[in-house]
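Student: The amino acid sequence is not available; the structure is as follows:
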């Protein structure tokens, strides 16, 4: 069963001329920015914010704050099923990978894949399966096997020949801290990741990513206003260079400022004890148009697409593969 699923990776440049293809997940945040009348201005401003944030964190030998530029690739992952006589492929995952241009040395440095992680199966799990499971329940709960299939598919992809041929290091996925949890500042501080925060219990997202084989740590980078959640495999602090980490921070903090301004573009800095809130009103808006309501509606639509075209027709194959899966 180990060869039942295979992966194909495609990439496209994410720049101010980017236009989402027909196969792009519409809920993907970078696709949302690339639609509508403001699309090119949106993209240009987003990329400028990323470059500015990168240079503010990479201050050494960078007196004018313009030494580096970040070039982004959209990595699209398709999965094929060997026993499918029709030869269909399913669009499984999309992520961003930054590459760093050092304008002083003319060197291009590969960044860490994982930015803006999006997944069809995760849409199904959170937008279809979970609401149906909690329908008419008085207390919110998750099924015991919630996230099992997605986690095994993700680990299978990260350990695949296709991943190793295209990407040199394990992914780091950077997300917003959970608004349902409280975070406590620690004395631990990293020169790039910043001050570390800890929480008393895992969120449902933390548990979901744990099934993907990923640990989580929370850091608030220098001159940030709230901690970010970093999901990783292996060693976050020693497994990556400072420039690689800065590329992830500058990319994901920019996106968080755009679609979570209440938290990441707040006008006050997280204190020693911190609970993020999307109801916070003292924040600044970026000059970038983002439709958060549209994104949540599309997540449900694409979750149902996954149910119709992947979960239901391949249920027997998926169940058998997952039962026999060994990392």
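Tutor: Perfect, thanks for sending it. Predicted, not measured: the structure shown is a model, and the values here were computed from it.
Student: where does the chain dip in pLDDT?
Tutor: 1-2, 17, 19-38, 85, 289-296, 327 (pLDDT under 70).
Student: ranges for the helices of it?
Tutor: 29-33, 39-57, 120-124, 130-133, 148-158, 161-166, 204-210, 242-259, 261-264, 292-306, 315-324 (DSSP state H).
Student: So which elements touch the second one?
Tutor: Secondary-structure packing of helix 39-57 (3 or more CB pairs under 8 Å, 6 or more residues apart in numbering; DSSP states H and E): helix 29-33, strand 68-81, helix 242-259. Glycine gets a C-beta too; all of them are placed from N, C-alpha and C.
Student: Then the fifth one?
Tutor: In terms of contacts (3+ CB pairs under 8 Å, 6+ apart), helix 148-158 is packed against strand 5-14, strand 68-81, strand 89-102, helix 120-124, helix 204-210, helix 315-324.
Student: Distance to residue 170 and mean neighbour count for the helices and strands packed on helix 39-57 - can I get that in a markdown table?
Tutor: Listed next are the helices and strands packed on helix 39-57 as a markdown table, based on distance: least, CB to CB, whole Å; neighbours: other CB atoms under 10 Å:
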| stretch | distance to residue 170 | mean neighbour count |
| --- | --- | --- |
| helix 29-33 | 22 | 22 |
| strand 68-81 | 14 | 20 |
| helix 242-259 | 12 | 24 |
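Student: As JSON lines, these with distance to residue 302 would be great.
Tutor: Conversion of the helices and strands packed on helix 39-57 to JSON lines gives the following (distance: least, CB to CB, whole Å):
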{"stretch": "helix 29-33", "distance to residue 302": "11"}
{"stretch": "strand 68-81", "distance to residue 302": "14"}
{"stretch": "helix 242-259", "distance to residue 302": "17"}
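Student: Mind listing what's buried along stretch 101-119?
Tutor: Buried residues in stretch 101-119, counted by 16 or more other CB atoms under 10 Å: 101-102, 110-119.
Student: Kindly report the same for stretch 91-99.
Tutor: The neighbour-count check on stretch 91-99 (16+ other CB under 10 Å) flags 91-98 as buried.
Student: List just the nearest of these to residue 168.
Tutor: Closest approach between the buried residues of stretch 91-99 and residue 168, by CB to CB: residue 97, at 10.5 Å.
Student: The residue lying closest to residue 40 once chain neighbours are set aside: what's it in contact with?
Tutor: Leaving aside its sequence neighbours, residue 40 sits nearest to residue 16 (CB to CB, 6 or more residues apart in numbering; 5.6 Å). Applying CB atoms under 8 Å, 6 or more residues apart in numbering, we find residue 16 in contact with 40, 43-44, 47.
Student: hmm, 6 Å instead?
Tutor: Residues near residue 16 by CB atoms under 6 Å, 6 or more residues apart in numbering: 40, 43-44.
Student: Among the residues you listed, name the buried ones.
Tutor: Here, 16+ other CB under 10 Å leaves residue 43 buried among these.
Student: picking up where we left off before, could you check how far the residue nearest to residue 40 is from residue 132?
Tutor: From residue 16 across to residue 132, the span is 40 Å (CB to CB, to the nearest Å).
Student: Against residue 60, how distant is the residue nearest to residue 40?
Tutor: When residue 16 is compared with residue 60 (using CB to CB), they lie 29 Å apart.
Student: swap in residue 40?
Tutor: Residue 40 is 33 Å from residue 60, by CB to CB.
Student: and what of residue 9?
Tutor: 34 Å.
Student: Noted, bye for now.
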